[in-house]
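Here's my sequence, what's the structure:
(2 chains)
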Amino acid sequence: MMQTTSTIPFSAQAETPWVLPHRGVVGIACLIIAESAIFLIFVVAYVYYIGKSLSGPLPAQVLELPILSTICLLSSSFTVHFAVSALRKNDQRGCTLGLAGTVLLGAIFLIMTGREWYHLIHDVGLTIRTNLFGTTFYSLVGLHATHVVIGLIMLTIALVLSLSGQVKETHAERLDVLSLYWHFVDAVWVVVFLVVYVLGR
Amino acid sequence: MAHAPVLEAIDQTQIRRRPPLDVLYEWVTTVDHKKLGLMYIGYALLFLVIAGFEAVLMRIQLAVPNNHFVSPQVFNRLFTMHGTTMIFFVAMPVMFGFGNYLVPLMIGARDMAFPRLNAFSFWISAFGGLLMYFSYLGGDGLYGMGSAPDVGWFAYAPLTAKVFSPGHSTDYWTLAVLLSGVGSTGTALNIVTTVLSMRCRGMKLSRLPLFVWLMMVASGIVFVAVSPLTAAQIMLILDRYLGAHFFDTQAGGSAVLWMHFFWIFGHPEVYILVLPAFGFVNEIIPVFSRKAVFGYPAMVAASVGIGFISLSVWAHHMFTVGMGAAGNTFFVFSTMVISVPTGIKIFNWLATLWGGKIIFKVPMMFCIAFLFQFLVAGLTGIMLSAAPFNWQLSASYFVVAHFHYVIVGAIITSLFGAFYYWYPKMTGRMMSETLGKWHFWLFIIGFHLTFDFMHVPGLLGMPRRIYTYEAGRGWEGWNLIVGIGALFQTAGTLIFVYNLVRSYYRGEVAGHDPWDAWTLEWATPSPPPSYNFAVEPTVRSGRPLWDLKHPEDLDENYE
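Residues are numbered from 1 along each chain as shown, chains lettered A, B, ... in the order given. Predicted coordinates:
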């Protein structure tokens, strides 16, 4: 094994500060761009097929505005933001509280979506194979709900770690990455809500 | 400025090789960007040989009229597997392989931003490829029909519906492409994050090697272009398995929507592949002209411009669908506009060559061939972008010749140059120049025999994807020449593979910097140690090794 002098430019002098963006934030931003493109395609399909179903039931007949679940999901953005900013101030109790609130609100949203789907499938008889409305509705709302489930799993893990006292101020950047994902899931719901329940009806 | 002497990274070139099981375990569990890069490249080469073999079978079938070398069913499977393999399991992984290997080295980082995600992306893409080839065994399903997918590489609806494609062959296709898409998105995310967050001190964005810029732009396109394909594959799976109606024309679904979704991916995909190829040329031409690249900012701007414009041209694949005058006009012009930034690049490469001391080593020879061939590919592209011309020649062999000119003439040709250029860095040994020249001339002669002459039967009306044709249409002689060219290319490629293997054992020891190059990857031993750099480097210009070798004429004085 040889040890010779370096060919790498190296300077011991003090330099101007060299600050680069946090890799977690850049990574989640990239993921959000890619996920937005996936959602965009599903939204385009939904909008393109509005009114093209060859048979009923139609959205106007069976869909009701999910006001309460929307309020729950959107306010969970505030609670997760509260959790992150509490952790930044090294307030671990506040962080746990914020995470618990987020998990609770997200779970309420999922349960209400489940109730809506149960009503549509069981009482109305609308499934993914019934017509184009069923196809596009279940796939778009289902894709979003899948993202909520993934977010909830990660938030629950963070909550369990936080309850056992393992989430420290040094983890604030990581929790921030998770919160950015959650904000994205909420923002997508705004689009889904407008397209499915406002435009589509 | 002072360069203090520091301990250098340990040179591993001469270390003895360890027992195979140890080595295997190390490679399977690795998260090192260099090992993953090499695995991407090796896996792409494996599939290159398989898909190339499929191409040769098709050329034998078409060499003479009324041939019965393969059956029509087998022919359909061959062109489907050839296209899908070449795009998703050769071109994408090989580009990501070089990106993985070179980007951290070029920006002075010790690894990618997310090493474990990197390994995940590789393995999921790799299993995508294996899954697709497993269809030869498992594709029959309960129906006993079909084995490998036979729906074509763009798999137009409603052919992919359960009614028209029973059995599981199409499922293997859609799952394989879906997995490849997930892997590509993961790697692209990793590359962008690495470039933005892991640069060494002083490596400003305005000093990045152009290859790194182009990998970053290509990765940006992956986010917005591969994701729609992933979404469309999810829809197709829902259609096939849960009875949804996205592309089911019987229930009001639209076959044209699939075309849009596919080509929103399909056209930017060409740029995902060709931008890294531009990156290779951007690194090789300056070093072998002994000049800094001409017009660095214009090159970056043109690359980013191509990235954006490439997202607005997809429907030029669909002129024959009948989009109406407004749609046709828009896509004609947006397609023609993309020749402006590509033209800027061509002129900048020529200006880099101009007045340089050109060294005709094998990497440079491939780059010169690239310049000519890419120009011709671009010119036939402009011809096809005119809607009335396109109506005449859509789905003919003229189109096949055009896009193979881009993919083989530009992408694969520059890729071969990249192999000869970076092989010394990756293995510590030089590739043989003599074998390289044999490879170059056989491959280039074969390429021109095949793809120059393939334009002619296209102009004479020969449609793509036919398994045979009758004599007397004026196609037979041309197809024979095309087939002979394919054999030349095969011979060239086999010499290349032999050269790769032989040089690994017998090649001349390369040392750090065999080409007297200027970017950071040449500052560390060949092959680099797992931590890349013993001390994280600091750079003061876009050509840090030039600064080191020429302290009397520093690059930073010209920035």
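
Residue numbers of the stretch 101-250 of chain B in contact with chain A?
B:113-114, B:185, B:188-190, B:192-193, B:196-199, B:201-202, B:222-228, B:230-232, B:234-235, B:238, B:242-246 (C-beta under 8 Å from any C-beta of the partner chain). C-betas here are computed from N, CA, C, even on glycine.

cutoff 6 Å now
Applying C-beta under 6 Å from any C-beta of the partner chain, we find that the stretch 101-250 of chain B lies next to chain A at B:113, B:185, B:189, B:192-193, B:196-197, B:201, B:223-224, B:227-228, B:231, B:238, B:242-245.

Buried residues, stretch B:25-40. List them.
The neighbour-count check on stretch B:25-40 (16 or more other C-beta atoms under 10 Å in any protein chain shown) flags B:30, B:31, B:32, B:33, B:34, B:35, B:36, B:37, B:38, B:39, B:40 as buried.

Closest one to residue B:330 out of those residues, please.
residue B:40 (37.0 Å; C-beta to C-beta).

hey, which helix or strand in chain A has the poorest pLDDT?
Least confident element among the helices and strands of chain A, by mean pLDDT, DSSP states H and E: helix A:59-62 (a mean of 91).

now do the same end-to-end measure for stretch A:50-64.
17 Å (C-alpha to C-alpha, to the nearest Å).

buried sites along the lengthiest helix in chain A?
Determined from DSSP state H, the single longest helix within chain A is helix A:132-163. Across helix A:132-163, burial judged by 16+ other C-beta under 10 Å covers A:132-141, A:143-145, A:147-148, A:151-152, A:155-156, A:158-159, A:162.

before we move on, what about stretch B:120-129?
So, applying 16+ other C-beta under 10 Å, buried residues of stretch B:120-129: B:120, B:121, B:122, B:124, B:125, B:126, B:127, B:128, B:129.

which of those lies closest to residue B:494?
Closest to residue B:494, out of all of the buried residues of stretch B:120-129 and judged by C-beta to C-beta, is residue B:129, at 21.4 Å.

Then the closest one would be within a helix, right?
Yes - under DSSP: H, G, I helix; E, B strand; the rest coil, residue B:129 sits within a helix.

ok, how many other residues are close to the nearest residue to it once chain neighbours are set aside?
Using C-beta to C-beta, 6 or more residues apart in numbering or on different chains and skipping residues adjacent in sequence, the residue nearest residue B:129 is residue B:89, 4.0 Å away. Look at residue B:89: counted by other C-beta atoms under 10 Å in any protein chain shown, it has 28 neighbours.

For residue B:89, give its distance to residue B:82.
11 Å (C-beta to C-beta, to the nearest Å).

does residue A:172 sit in a helix or strand, and which one?
Assigned by DSSP states H and E, residue A:172 belongs to helix A:172-192.

pLDDT on that helix, on average?
Regarding helix A:172-192, the rounded mean pLDDT is 96.

Just list what it packs against, helices and strands only.
Where contact means 3 or more C-beta pairs under 6 Å, 6 or more residues apart in numbering or on different chains; DSSP states H and E, helix A:172-192 is packed against helix A:23-48, helix A:67-88, helix A:132-163.

chain center to the second one, what's the gap?
Remark: helix A:67-88 is offset 12 Å from the chain centroid, using C-alpha atoms, centre = their mean, to the nearest Å.

Report the angle between it and helix A:132-163.
30 degrees (axes from the mean of the first three to the mean of the last three C-alpha atoms, to 10 degrees).

helix or strand right after helix A:67-88?
helix A:92-118.

Could you list the buried residues of that following helix?
Using 16+ other C-beta under 10 Å as the test for burial, helix A:92-118 gives A:92, A:95-103, A:105-110, A:112-113, A:116-117.

And the contacts of stretch B:222-242?
A:33-34, A:37-38, A:41-42, A:128, A:139, B:162, B:174, B:177-178, B:181, B:184-185, B:188, B:244, B:246-247, B:261, B:264-265, B:268, B:272 (C-beta atoms under 6 Å, 6 or more residues apart in numbering or on different chains).

re the thing from before, for the helices and strands packed on helix A:172-192, could you give me TSV that also reports distance to chain B and mean pLDDT?
Shown next, in TSV, are the helices and strands packed on helix A:172-192 (distance: least, C-beta to the nearest C-beta, whole Å; pLDDT from 0 to 100):
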stretch	distance to chain B	mean pLDDT
helix A:23-48	4	96
helix A:67-88	20	96
helix A:132-163	4	96
